[in-house]
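1. Have a look at this fold, sequence not included:
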């Protein structure tokens, strides 16, 4: 005590196998490999250190705890200072670190708790580090708890595919989170930021265990940012007025979201954005929503989504937008919608009724395929448009006019709201059809209702002028038929029911 030691030279205690505890007291400098291979050394404590040279505490297999602090001086740490300490679990360094070497903990892969004063932030000069694994020589790490007091940014792949469960950033200078920053930390439930996060890069939190995220201040959200976050229940966007996109693709795919709010300024929902969100029950659009398009498979396989109220601004539903949303029942198509893509509502087995407004110019192939419980359908024309693929089974997945077995067996009522012509083979083989309303039709084509065996009562419209050949052939259940005076031509076998 009368002559305090301030420097320990290189190899000073090298291979001291009986040394179990070191309190470095007044020591400011430790030389290279000074305590290397002290195989019984369990703890290291220091309050005045300024330099730890390379390998100073390396190969100490019993070392479990390191506690270093100095509020007045920075600490220079060399490469491998705590390398190959296979049982080291907790490291507390409450002192600004001048990272002279990257692989400080190389081979010490069982550190569970890591608390650092700074990372990629050094008030006295350049801080070269980008990823946490650089401290470990790029090897796999098993940190569960990480705290950093001062950090300038969270860069790309900051701590990817790790075992983190909690992270705390006390002073984060940037509001950005880089691409893949925490991706693959499947136990990560909580991240505490000291400021408002405005930018989340691609796949930043993918496949983590986050349960919620405050998105009020977001300005950018990258692709796959929360992909596979199965525990994620809420992302709070209700007060967000800056975010213009929820990412181009897969942002929340297969996450645990139970509800989502779409802010008014969002105009497009991208590819697979919410697909596979099996807990998603509620989608709420801002009352002043500017949404124009819902992309390919955006809500595909959201099996608990039972209803959705589209904003009036919606113009397009892309391929498979709501495919396999098996509980979806309530849908009201807005009046501005012009396009419904292929398989848009395929396998939506909860659908009982569908009304398609006259503004819709295209209905894709199989748009309602395997909607086996659909009972009532109202649409402006038969087929994909007023002039192409003009047979009903097309929108149910039928590839030919005379193909049968695609139109749902439950479909009993069809209303043709504005079409002037029922095309040839339009309802061919629709054996469950009981009621047809077509108030503006002038021409009924060849075999258009051939084999509609459940059609019982038919009052043809006063606008009708012609009925094509075999138009109602084999409609065996037809009991009542009203043909208006306007009809000028009835084709051969139009109502043949029998041999």
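-> Here it is on my side, so go on. Since the model is a prediction, treat every value here as computed from it, not as a measurement.

2. The chain: helices as residue ranges?
-> In the chain, no segments count as helices under DSSP state H.

3. Pull the contacting residues for the residue lying closest to residue 157 once chain neighbours are set aside.
-> Leaving aside its sequence neighbours, residue 157 sits nearest to residue 180 (Cβ to Cβ, 6 or more residues apart in numbering; 4.8 Å). Just so you know, the C-beta spots here come from the backbone N, C-alpha and C atoms, and that holds for glycine as well. For residue 180, the contact set (Cβ atoms under 8 Å, 6 or more residues apart in numbering) comprises 156-157, 160, 201-204, 206.

4. Isn't residue 175 up against residue 196?
-> Yes. The pair residue 175 and residue 196 qualifies as a contact (Cβ atoms under 8 Å) at a distance of 6.0 Å.

5. Compare those two (neighbour count), which wins?
-> residue 175 (16 against 11; other Cβ atoms under 10 Å).

6. From residue 76, how far out is that one?
-> When distance is defined by Cβ to Cβ, to the nearest Å, residue 175 is 30 Å away from residue 76.

7. re earlier: let's see if you can find the most crowded of the contacts of residue 180.
-> Neighbour counts for the contacts of residue 180 peak at residue 204, which has 28 neighbours (criterion: other Cβ under 10 Å).

8. Please report how far that residue lies from residue 149.
-> Residue 204 sits 22 Å away from residue 149, going by Cβ to Cβ.

9. In contact with residue 430: list those residues for me.
-> Residue 430 neighbours (Cβ under 8 Å, 6+ apart): 392-393, 407, 411, 449, 451-452.

10. what separates the residue nearest to the spatial centre of the chain from residue 52, distance-wise?
-> Nearest to the mean C-alpha position of the chain, by Cα atoms, centre = their mean, lies residue 252 at 1.5 Å. Noted for residue 252: a distance of 45 Å to residue 52, by Cβ to Cβ.

11. Could you report the pLDDT at the closest residue to residue 304 other than its chain neighbours?
-> In this structure, residue 304 finds its nearest non-sequential neighbour in residue 281, 5.1 Å apart by Cβ to Cβ, 6+ apart. On pLDDT, residue 281 comes in at 96.

12. Which one of the contacts of residue 430 is nearest to residue 417?
-> residue 392 (14.3 Å; Cβ to Cβ).

13. In contact with the nearest residue to residue 382 once chain neighbours are set aside, which residues are there?
-> With Cβ to Cβ, 6+ apart as the criterion, residue 382 has its nearest non-adjacent residue at 4.5 Å, and that residue is residue 426. Contact partners of residue 426, counting by Cβ under 8 Å, 6+ apart, are 382-383, 390-392, 445, 448-449.

14. repeat that with 10 Å
-> Counting by Cβ atoms under 10 Å, 6 or more residues apart in numbering, residue 426 makes contact with 381-383, 390-394, 401, 414, 416, 419, 438, 444-450, 471.

15. what does residue 119 give?
-> Here residue 119 is in contact with 97, 99, 127, 129-132, 134-135, 146, 148-154, 158, 169 (Cβ under 10 Å, 6+ apart).

16. what's the answer for residue 478, then?
-> Contacts of residue 478 by Cβ under 10 Å, 6+ apart are 449, 452-458, 472, 495, 497.

17. Neighbour-wise, which one of those residues leads?
-> Most neighbours among those, by other Cβ under 10 Å: residue 449, with 29 neighbours.

18. and residue 96, how far is that from residue 205?
-> Per Cβ to Cβ, residue 96 is found 29 Å from residue 205.

19. Compare these two (neighbour count), which wins?
-> Neighbours were counted for residue 96 and for residue 205 using other Cβ under 10 Å; residue 205 has more, 28 against 21.

20. you'd agree that one is up against residue 225?
-> Yes. Between residue 205 and residue 225 a contact is recorded at 6.0 Å, counting by Cβ atoms under 10 Å.

21. Now for the two: what residues contact both?
-> Residues touching both residue 205 and residue 225 (Cβ under 10 Å, 6+ apart) are 177, 180-181, 183, 213, 255.

22. With distance to residue 484 and pLDDT as added columns, please give these in a markdown table.
-> Shown next, in a markdown table, are those (distance: Cβ to Cβ, whole Å; pLDDT from 0 to 100):
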| residue | distance to residue 484 | pLDDT |
| --- | --- | --- |
| 177 | 69 | 96 |
| 180 | 68 | 97 |
| 181 | 71 | 96 |
| 183 | 67 | 97 |
| 213 | 63 | 96 |
| 255 | 57 | 98 |
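
23. give the contact list for residue 219.
-> By Cβ under 10 Å, 6+ apart, residue 219 lies in contact with 175-176, 196-200, 240-245.

24. 6 Å instead?
-> Going by Cβ atoms under 6 Å, 6 or more residues apart in numbering, residue 219 touches 198, 242.

25. quick one: it from residue 47, how far?
-> For residue 219, the distance to residue 47 (Cβ to Cβ) stands at 43 Å.
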